[in-house]
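Chemist: Pasting a predicted model and its sequence here:
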Amino acid sequence: MQKKTIKDVDIAGKRVFIRVDFNVPIKNSVIEDDTRIKGALPTIKYAVEQGAKVILASHLGRPLKDKKKAEEKGLPYDAGKYTLKPVAEKLSEYLGSAVAFEQDGNIASLVSVMNGGDVVMRENLRLDAGEEKNDPDFAEQLADGIDVYVNDAFGTAHRAHASTEGITHFVDICVAGLLMEKELEFLGKALEDPDRPFVAILGGAKVSDKIPVIESLIERKVDKLLIGGAMAYTFFKAQGFTVGKSLVEDDMMPKALEIEQQAKDAGVELILPTDHQVVDSYDPINSRKSIPVAFTNTGLVGLDIGPETVEIFKAALDGAKTIVWNGPMGMFEEKPFDEGTVAIANAVAEATDKGATSIVGGGDSVAAVNQAGLADKISHISTGGGATLEFLAGDVLPGVAALEDK
Ligand code: ADP
Ligand code: MG
């Protein structure tokens, strides 16, 4: 599945449209987290160095949906929240040269005076209803005068929008950016040709969110499947245990039993927690204790995996050659219920140090690894939330397929 990348085509002096993911959190014109901007820098810098005329485009939030909601509820709508201008300014700093920014639809005039190595940035694509509708007219407008289309927005590749899919019908040369290439390489290898033993760790709040991922990993005969987080309680309840007030999806209990059977049939070792950190729902602050899962009574809430489980999961990771992790082991946003997640993050980092290729994906999981300060000890931190999960579920991402068809 070798995809053409920006390095495979001649871009010197060409107009190159790069779809990036600059959907960053901005408050009062200040960018609170610029991870995504940094993620796109290798592709942008490469294009600049090659002397391309670089036109950048991204979405930011959901301006039209938010506007409609505000109007319906009679609330104020702050249009200033949806401009990419602060991102253009930040990028100018990183590139050490001014990035011209589209204002009042002046993109054509900005582009017409570009020289090789110049960078211009379009305003938030989602200000036009045509973007999310994948409207061919809007896609054609985006493609106007463009020689090469580059998709570097893996996090948006699961959506068939005008800038991720439609545009590829109007540009002859369409390739992946360097960040996109890295995502497809790591995630693709894990799914198609993983070095073994291959261990997957899944957690998070809901089984229902993750069923396609679990099933896809079992189908690919992952060697071990570790399940923690609130997700485990649906499995326990389905097995007949009392889980107290822990988070459970009752309607998913039959599915949980089915998954256990699927794992058995495929020879996948499915490992669930044996102990957990619980609190008494009447005194959540002072009542934290670690108990065996089997001792849970009706008044208790499980919020993290326990120390024995940490040891069991660590042992399962020992010697792993591929590790895929999605979903925190507990309610990591609330200390001390981050302990299990941090311990597993350390175990994954350690296994990586010993030669495993590790991949962490999912918005909260990545946040947890960052919070633990371990991001640089993981082989690949996936930048896609929903896109990563859809990829791991084995789905074809429209934004990726559009490049393949070329
Ligand atoms: P990701 O974004 O990485 O895919 P999810 O969104 O599936 O992860 O799950 C993350 C959420 O799961 C977090 O908000 C975390 O607090 C919650 N969570 C994990 N374990 C528990 C638990 N035992 N009880 C309640 N919430 C939990
Ligand atoms: Mg999440």
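Modeler: Cool, got the structure. Ligands and ions are numbered 1, 2, ... in the order given.

Chemist: quick one: the closest residue in space to residue 98 that isn't next to it in sequence from residue 392, how far?
Modeler: Once flanking residues are discounted, residue 98 sits nearest to residue 92: 5.2 Å by C-beta to C-beta, 6 or more residues apart in numbering. From N, CA and C alone the C-beta is placed, and that goes for glycine too. Here residue 92 is placed at a distance of 36 Å from residue 392 (C-beta to C-beta, to the nearest Å).

Chemist: The two: which has the busier surroundings?
Modeler: residue 392 (27 against 16; other C-beta atoms under 10 Å).

Chemist: Would you state the helices of the stretch 51-200 of the chain in chain order?
Modeler: When assigned using DSSP state H, counting those that start in this stretch, the helices of the stretch 51-200 of the chain occupy the ranges 63-73, 85-95, 107-112, 129-133, 136-143, 178-192.

Chemist: Deepest-packed of those, please.
Modeler: Mean neighbour count (mean count of other C-beta atoms under 10 Å) peaks for helix 178-192 among the helices of the stretch 51-200 of the chain, with a mean of 20.

Chemist: elements contacting that helix?
Modeler: Helices and strands touching helix 178-192, as assessed by 3 or more C-beta pairs under 8 Å, 6 or more residues apart in numbering; DSSP states H and E, comprise helix 35-49, strand 357-360, strand 380-381, helix 386-392.

Chemist: okay, now the domains of the protein?
Modeler: 6-179, 187-392 (automatic domain parsing).

Chemist: can you put the helices and strands packed on helix 178-192 in JSON lines and add mean pLDDT and distance to ligand 2?
Modeler: Listed next are those as JSON lines, based on pLDDT from 0 to 100; distance: least, C-beta to the ion, whole Å:
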{"stretch": "helix 35-49", "mean pLDDT": "95", "distance to ligand 2": "16"}
{"stretch": "strand 357-360", "mean pLDDT": "97", "distance to ligand 2": "13"}
{"stretch": "strand 380-381", "mean pLDDT": "95", "distance to ligand 2": "15"}
{"stretch": "helix 386-392", "mean pLDDT": "93", "distance to ligand 2": "9"}
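
Chemist: who wins for proximity to ligand 1 among these?
Modeler: Nearest of these to ligand 1, taken as C-beta to the nearest ligand atom: helix 386-392 at 6.5 Å.

Chemist: Can you list the low-confidence ranges for the stretch 301-406 of the chain?
Modeler: Where the stretch 301-406 of the chain drops to pLDDT under 70, the residues are 406.

Chemist: Could you rerun that using 90?
Modeler: Along the stretch 301-406 of the chain, segments meeting pLDDT under 90 span 363, 383-385, 404-406.

Chemist: for ligand 2, what are the nearby residues on it?
Modeler: Counting by C-beta under 5 Å from the ion, the stretch 301-406 of the chain comes close to ligand 2 at 363-364.

Chemist: now the helices and strands packed on helix 178-192 in CSV, with distance to residue 120?
Modeler: Formatted as CSV, those follow (distance: least, C-beta to C-beta, whole Å):
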stretch, distance to residue 120
helix 35-49, 12
strand 357-360, 34
strand 380-381, 29
helix 386-392, 26
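
Chemist: sorry, back to before: can you convert the helices of the stretch 51-200 of the chain into CSV and add a column each for distance to residue 269 and mean pLDDT?
Modeler: Below are the helices of the stretch 51-200 of the chain laid out as CSV (distance: least, C-beta to C-beta, whole Å; pLDDT from 0 to 100):
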stretch, distance to residue 269, mean pLDDT
helix 63-73, 43, 93
helix 85-95, 45, 96
helix 107-112, 55, 94
helix 129-133, 42, 98
helix 136-143, 47, 98
helix 178-192, 18, 95
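
Chemist: what about the residue lying closest to residue 157 once chain neighbours are set aside, which SS state?
Modeler: Take residue 157 and drop its neighbours on the chain: the residue closest to it by C-beta to C-beta, 6+ apart is residue 399, 3.2 Å away. Using DSSP: H, G, I helix; E, B strand; the rest coil, the structure places residue 399 in helix.

Chemist: dump the residue contacts of residue 399.
Modeler: Residues near residue 399 by C-beta atoms under 8 Å, 6 or more residues apart in numbering: 151, 153-154, 156-160, 164-165.

Chemist: do the same with residue 57
Modeler: Shown in contact with residue 57 (C-beta under 8 Å, 6+ apart): 17-20, 121-122, 125, 142, 163.

Chemist: For it, give its distance to residue 149.
Modeler: 10 Å.

Chemist: Mutual contacts of these two, please.
Modeler: Counting by C-beta under 8 Å, 6+ apart, the residues touching both residue 57 and residue 149 are 17, 19.

Chemist: still on that earlier bit, the helices of the stretch 51-200 of the chain: which one's closest to ligand 2?
Modeler: With C-beta to the ion as the criterion, ligand 2 lies closest to helix 178-192 of the helices of the stretch 51-200 of the chain, at 17.5 Å.

Chemist: Figure out how far the closest one is from the centre of its chain.
Modeler: Offset of helix 178-192 from its chain centre (C-alpha atoms, centre = their mean, to the nearest Å): 13 Å.

Chemist: for stretch 225-233, same thing?
Modeler: Centre-to-centre, stretch 225-233 and its host chain are 20 Å apart (C-alpha atoms, centre = their mean).

Chemist: if you look at it, does any of it touch ligand 1?
Modeler: Yes: counting by C-beta under 6 Å from any ligand atom, ligand 1 is contacted by stretch 225-233 at 229-230.

Chemist: Same question for stretch 146-162.
Modeler: No: contact of stretch 146-162 with ligand 1 (C-beta under 6 Å from any ligand atom) is absent, the minimum separation being 12.6 Å.
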